[in-house]
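[1] okay, sequence plus prediction incoming.
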Amino acid sequence: MAVYTDVGFDEADALVQRLGLGALREFEGIQGGIENTNYFATTDQGAYVLTLFERLGREQLPYYLCLMKHLAARGIPVPAPIADPAVTPPKVVGLERPADAPCELVHLVAGKPAAVVQRLSGRSELAPGATHCAELGRWLARMHLAGRDFDRVQPNLRGLAWWNATAPVVLPHLDESQAALLRGELAYQNHVAQSSAYAALPRGPVHADLFRDNAMFDTTADGEQPRLSGVFDFYFAGTDTWLFDLAVCLNDWAVDLPTGAHDPLRADALLAAYMGVRPLTGAERALLPAMLRAAALRFWISRLWDFHLPREASMLKAHDPTHFERVLRERARQPLAAPSPSATAPLAA
Ligand SMILES: Nc1ncnc2c1ncn2[C@@H]1O[C@H](COP(=O)(O)OP(=O)(O)O)[C@@H](O)[C@H]1O
Ligand SMILES: N[C@@H](CCOP(=O)(O)O)C(=O)O
């Protein structure tokens with residue numbers, strides 16, 4: 001269920017017309033997703049997605065939407081957000097930017113902050129193979145490089161500080177063995193975060209939630225290579241290590257779902273494709289196993305939080321937290337090593 005707020009056809013039509021997108025032809029609530037209210041909006045000029053933000057504050061949105069605009073302008077396939085021509089963003093002097101400054105990409109719909117973005121073609125591949133993973137790995141490395149000159153900074157709001165704050169909230173719902181795992185892993189991740197190797201990790205804007213349901217592939221004829229049409233849902237993005245982003249992808253795209261173990265074929269394809277565009281540094285190679293654990297912990301905690309402390313239980317289909325408990329145990333039991341640098345040749349970004 002992902003329509004928490006009803007938007008009428010006439011209100012949506014007025015919005016798309018104001019944005020210069022033509023007249024609304026079709027308007028339909030989207031059932032997938034869990035965070036926000038989403039609608040497909042088709043006008044006589046194109047296909048768009050209207051998102052009403054249910055949990056994020058208005059002041060956080062410019063980071064996500066400006067990042068998508070920045071990446072789209074650099075040829076990274078992401079949905080470009082549509083600006084309101086009547087809103088003029090203030091000129092920024094230095095890095096000072098008032099949190100409540102008007103943003104031409106953030107609209108107000110049914111009393112909620114909202115965005116209109118281009119609709120990507122194709123569909124998500126929920127059973128990806130090695131070629132899908134390679135497409136994704138290349139996309140991720142290109143996105144990291146394209147984000148280097150993005151001029152906004154916003155921490156990953158679901159990073160270490162949030163794990164430390166949220167663990168005590170979910171701990172009362174866990175059995176003894178789960179509680180020991182959570183406490184132990186959190187202590188380990190706090191320790192890693194203090195290390196010089198961690199400080200040396202390259203960082204910048206990251207997607208931070210690039211699961212297989214947040215990417216689209218165009219349908220191709222039999223025998224043709226799958227082609228990624230784009231990645232969407234940047235609403236957990238933030239400034240963090242590139243390695244964490246890579247670990248989130250590996251844990252979802254290259255996992256054996258029943259056991260939580262790595263699928264070596266898909267993991268190698270994803271890593272090799274990523275490293276073909278941007279080779280990993282020594283610190284990244286050393287910390288890959290730790291970041292795979294960090295990425296598993298992040299989603300274990302958020303799923304526990306959604307499961308045991310739901311916003312509106314009747315509307316929300318919480319994801320299964322035990323999956324990421326299994327993944328976390330597996331990553332600690334069997335660390336994954338990055339292929340040697342000589343196994344991959346860098347491409348032009
Ligand atoms: N830009 C887009 N292009 C195509 N489909 C989209 C786009 N944005 C969202 N969707 C569709 O809406 C669904 C829910 O979006 P998502 O961003 O995952 O929601 P939530 O953030 O609420 O979890 C997706 O599974 C996808 O089908
Ligand atoms: N990918 C997360 C949940 C975030 O939901 P999304 O629909 O906004 O991607 C998970 O699987 O726990």
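    Sure, I can see it. Ligands and ions are numbered 1, 2, ... in the order given.

[2] ok, which stretches of this structure are strands?
    Taking DSSP state E as the criterion, the chain contains strands spanning 24-29, 37-43, 47-52, 107-109, 112-118, 203-206, 215-218, 227-231, 238-241.

[3] reformat those as TSV; add mean neighbour count.
    All C-beta spots, glycine's among them, are computed from the backbone N, C-alpha and C. As requested, these are exported to TSV (neighbours: other Cβ atoms under 10 Å):
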stretch	mean neighbour count
strand 24-29	15
strand 37-43	20
strand 47-52	23
strand 107-109	19
strand 112-118	21
strand 203-206	22
strand 215-218	21
strand 227-231	19
strand 238-241	22
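
[4] mind putting those into TSV with distance to Gly147?
    Converted to TSV, the strands of the chain look like this (distance: least, Cβ to Cβ, whole Å):
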stretch	distance to Gly147
strand 24-29	32
strand 37-43	24
strand 47-52	21
strand 107-109	24
strand 112-118	18
strand 203-206	4
strand 215-218	17
strand 227-231	13
strand 238-241	9
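
[5] so which of those comes closest to Arg326?
    With Cβ to Cβ, the closest approach to Arg326 among those belongs to strand 215-218: 23.0 Å.

[6] between the strands of the chain, which one is closest to Ala179.
    That would be strand 238-241 among the strands of the chain, by Cβ to Cβ, at 26.6 Å.

[7] elements contacting the closest one?
    strand 203-206 (3 or more Cβ pairs under 8 Å, 6 or more residues apart in numbering; DSSP states H and E).

[8] what's the closest of the strands of the chain to Trp162?
    strand 238-241 (10.3 Å).

[9] how far away is the residue of the chain found nearest ligand 1 from Glu135?
    Scanning the chain for the residue nearest ligand 1 gives Gly33, at 2.3 Å (criterion: Cβ to the nearest ligand atom). Here the criterion is Cβ to Cβ, to the nearest Å. By it, Gly33 lies 22 Å from Glu135.

[10] ok, Asn36 next?
    Distance from Asn36 to Glu135, by Cβ to Cβ: 26 Å.
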